[in-house]
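Visitor: Predicted model and sequence follow; I will ask about them next.
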Amino acid sequence: MSLAAVTRDALKLVRAGLPKSIDLVETLDDTATIVGDPVQVAQVVTNLAVNAQQAIGERRGRITVEVYGATPDTLPSVGPMRLAGQ
């Protein structure tokens with residue numbers, strides 16, 4: 001399944017419920033494919049976006065969602081996770 005297509009569809013619904021003070025930025029690579037249940041993947045994307053919205057609260061903010069195609073050989077080494085502004 002196309003991860004980008006499922007993510008795009010889920011984000012359309014998320015965007016409709018976001019306040020105007022929160023920007024939703026997406027970068028979706030249409031070549032990204034996975035094996036999985038599209039309904040479950042859409043639920044994960046939705047949950048992550050809603051969690052981000054709740055973390056932002058009443059402030060102005062931005063939620064950025066990025067989907068890229070990768071293979072084990074092309075994955076970058078990932079360091080510790082950081083929060084925006086750190």
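Guide: Okay, I see it. In this text, all values refer to a predicted model and were calculated from it rather than measured experimentally.

Visitor: Name the SS class of Asn51, please.
Guide: Following DSSP: H, G, I helix; E, B strand; the rest coil, we place Asn51 in the helix state.

Visitor: Please report how far it lies from Ser21.
Guide: Going from Asn51 to Ser21 by C-beta to C-beta, to the nearest Å gives 17 Å. For the C-beta atoms, the positions are set from N, CA and C on the backbone; glycine is no exception.

Visitor: Please identify the helix or strand for the spatially most central residue of the chain.
Guide: Per C-alpha atoms, centre = their mean, the C-alpha nearest to the average position across the chain is that of Val65, at 3.3 Å. Assigned by DSSP states H and E, Val65 belongs to strand 61-67.

Visitor: Need the contact partners of that strand.
Guide: Applying C-beta atoms under 8 Å, 6 or more residues apart in numbering, the external contacts of strand 61-67 come out as 3-4, 7, 11, 18, 21-29, 32, 45, 48-49, 52-53, 56.

Visitor: Thr64 pairs with what?
Guide: Beta-bridge partners for Thr64, by DSSP bridges, are Val25.

Visitor: quick one: the helices in the chain?
Guide: 3-17, 38-56 (DSSP state H).

Visitor: if I look at the residue nearest to Leu28 when sequence neighbours are not counted, how far off is Glu58?
Guide: Nearest residue to Leu28, sequence neighbours excluded (C-beta to C-beta, 6 or more residues apart in numbering): Ala4, at 3.9 Å. Distance from Ala4 to Glu58, counting by C-beta to C-beta: 31 Å.

Visitor: now swap in Asp37 and tell me
Guide: Counting by C-beta to C-beta - Asp37 and Glu58 are separated by 34 Å.
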